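Student: Return a 3D structure for these sequence lines:
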Amino acid sequence: MADQTADEAGPDAGGRLTRLTRRMVDWFYPPQCLACGSPVERAPSLCAKCWPQLRRITAPMCPILGLPFEYDLGPGALSAEAIAEPPDFDWARAAVIYNEVAQQLVSRLKYADHHELAPFMAGLMADAARDRVNSDTLFVPVPLHRRRQWHRRFNQSALLARWLARHFSAQMETGLVFRKRATRQQVGLSANQRAENVRAAFEVDPQKAVQLAGRQVILVDDVLTTGSTAGAISRVLGKAGMGEIGVLTFARVVTGGGNDIY
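Tutor: Numbers count the residues shown, from 1 in each chain. Next up, the predicted model:
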């Protein structure tokens with residue numbers, strides 16, 4: 001009897017073949033926890049130890065900065081940080097609090113080329129901003145300077161933005177804003193040093209700004225610390241005529257919420 005093709009064998013043959021292939025891959029490459037690398041039943045996922053430590057940010061929170069409140073302060077209540085120093089962007093949201101597990105995920109994506117983390121992280125980010133995305137949204141990754149991107153070979157923010165755009169069937173725009181001068185890494189800098197470091201570091205492509213004027217922009221990055229980078233980009237986007245400007249990150253630093261930024 002001749003061998004059957006997948007189509008001839010019936011509608012479920014392709015599914016059986018896919019499941020068999022997946023089992024073979026799992027046999028040779030056992031699925032691992034995305035954060036710590038320990039064995040898990042199914043990929044992509046976190047192990048039983050890491051998952052409970054990933055602290056999702058949910059309501060109640062500051063509607064401007066997205067900082068979590070310990071209890072509900074009532075409609076429109078702002079955080080002390082948003083009142084004392086209103087940001088240059090309209091709102092910020094993050095999926096999780098920056099702690100040890102979040103740091104492991106960010107580091108493995110950013111420095112160890114674990115690109116398989118991007119759809120997992122972007123999925124959590126999508127949940128955090130689901131009520132903010134509309135048909136006009138542009139996902140714009142925080143740009144790297146060309147020398148740093150050449151050295152790192154990829155921009156982790158662009159990976160996250162690409163998966164977010166795919167998730168929402170929205171547009172990603174990498175050419176709208178660029179970093180016109182190299183800056184020091186923000187790691188280890190104070191809030192004032194961070195702000196000075198990115199001052200006048202970004203520029204908007206004037207032609208794209210005309211084409212995209214008035215559109216909602218959601219800046220995408222891995223971690224929000226002081227907001228100085230997001231603020232610097234938001235200022236040039238606002239001057240260029242863009243509409244509402246939001247910031248969406250995988251993690252954000254919260255005082256008392258976990259580790260200091262690495």
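Student: Run through who's touching stretch 132-141.
Tutor: With Cβ atoms under 8 Å, 6 or more residues apart in numbering as the test, stretch 132-141 has contacts from 91, 93, 126, 155, 157-158, 160-161, 164-165, 168, 170-174, 176-177, 212, 215-221, 243, 246, 248. The C-beta positions use only the backbone N, C-alpha and C, and glycine is treated the same way.
Student: tell me which residues of that stretch are tucked away?
Tutor: Within stretch 132-141, the residues that count as buried by 16 or more other Cβ atoms under 10 Å are 133, 137, 138, 139, 140, 141.
Student: What is the most widely separated pair among those residues?
Tutor: Longest distance between any two of the buried residues of stretch 132-141 is 15.4 Å, between 133 and 141; criterion Cβ to Cβ.
Student: looking at this protein, which helix or strand does the model trust least?
Tutor: Among the helices and strands of the chain, helix 13-28 carries the lowest confidence by mean pLDDT, DSSP states H and E, at a mean of 56.
Student: What residues of the next helix or strand after that one count as buried?
Tutor: Where DSSP states H and E defines the elements, the next helix or strand beyond helix 13-28 is helix 80-84. Neighbour counts over helix 80-84 (16+ other Cβ under 10 Å) mark 81, 82 as buried.
Student: distance between the next helix or strand after helix 80-84 and the chain's centre?
Tutor: Past helix 80-84, further along toward the C-terminus, the next helix or strand under DSSP H and E is strand 91-97. Put simply, strand 91-97 sits 9 Å off its chain's centre (Cα atoms, centre = their mean, to the nearest Å).
Student: who's in contact with strand 91-97?
Tutor: With contacts defined as Cβ under 8 Å, 6+ apart, strand 91-97 is touched by 54-57, 63-66, 68, 102, 121, 124-125, 127-129, 132, 224, 227, 230, 246-252, 254, 257-258.
Student: Buried only: go through those for me.
Tutor: In the contacts of strand 91-97, the ones that pass as buried (16+ other Cβ under 10 Å) are 54-55, 57, 63-66, 68, 102, 121, 124-125, 128-129, 224, 227, 230, 246-252, 254, 257-258.
Student: For the chain, give me the ranges with low pLDDT.
Tutor: 1-28, 149, 182-190, 194-198, 200, 256-262 (pLDDT under 70).
Student: Residue ranges of each domain in it, please.
Tutor: Using automatic domain parsing, the domain parsing of the chain gives 10-51, 54-252.
Student: Among those domains, show me which one is buried the most.
Tutor: Burial of the domains of the chain is given as mean neighbour count (mean count of other Cβ atoms under 10 Å); domain 54-252 ranks first at a mean of 18.
Student: Pull up the distance across that one, start to finish.
Tutor: Terminal residues of domain 54-252 lie 12 Å apart, using Cα to Cα, to the nearest Å.
Student: try stretch 136-146
Tutor: 28 Å.
Student: How about residue 108, nearest residue that isn't a chain neighbour?
Tutor: Once flanking residues are discounted, residue 108 sits nearest to residue 114: 4.3 Å by Cβ to Cβ, 6 or more residues apart in numbering.
Student: whoops, I mixed them up, residue 173
Tutor: residue 138 (4.9 Å).
Student: next one: phi and psi at that neighbour?
Tutor: Main-chain dihedrals, residue 138, degrees, to the nearest 10: phi -110, psi 120.
Student: Starting from residue 219, give me the distance back to it.
Tutor: 10 Å (Cβ to Cβ, to the nearest Å).
Student: where do the helices sit along the stretch 101-250 of the chain?
Tutor: Assigned by DSSP state H, counting those that start in this stretch, the helices in the stretch 101-250 of the chain fall at 117-128, 146-152, 156-168, 191-197, 206-212, 228-239.
Student: Could you list every helix and strand in contact with the last one?
Tutor: In other words, helix 228-239. In terms of contacts (3 or more Cβ pairs under 8 Å, 6 or more residues apart in numbering; DSSP states H and E), helix 228-239 is packed against strand 177-179, helix 191-197, strand 202-204, strand 217-224, strand 245-252.
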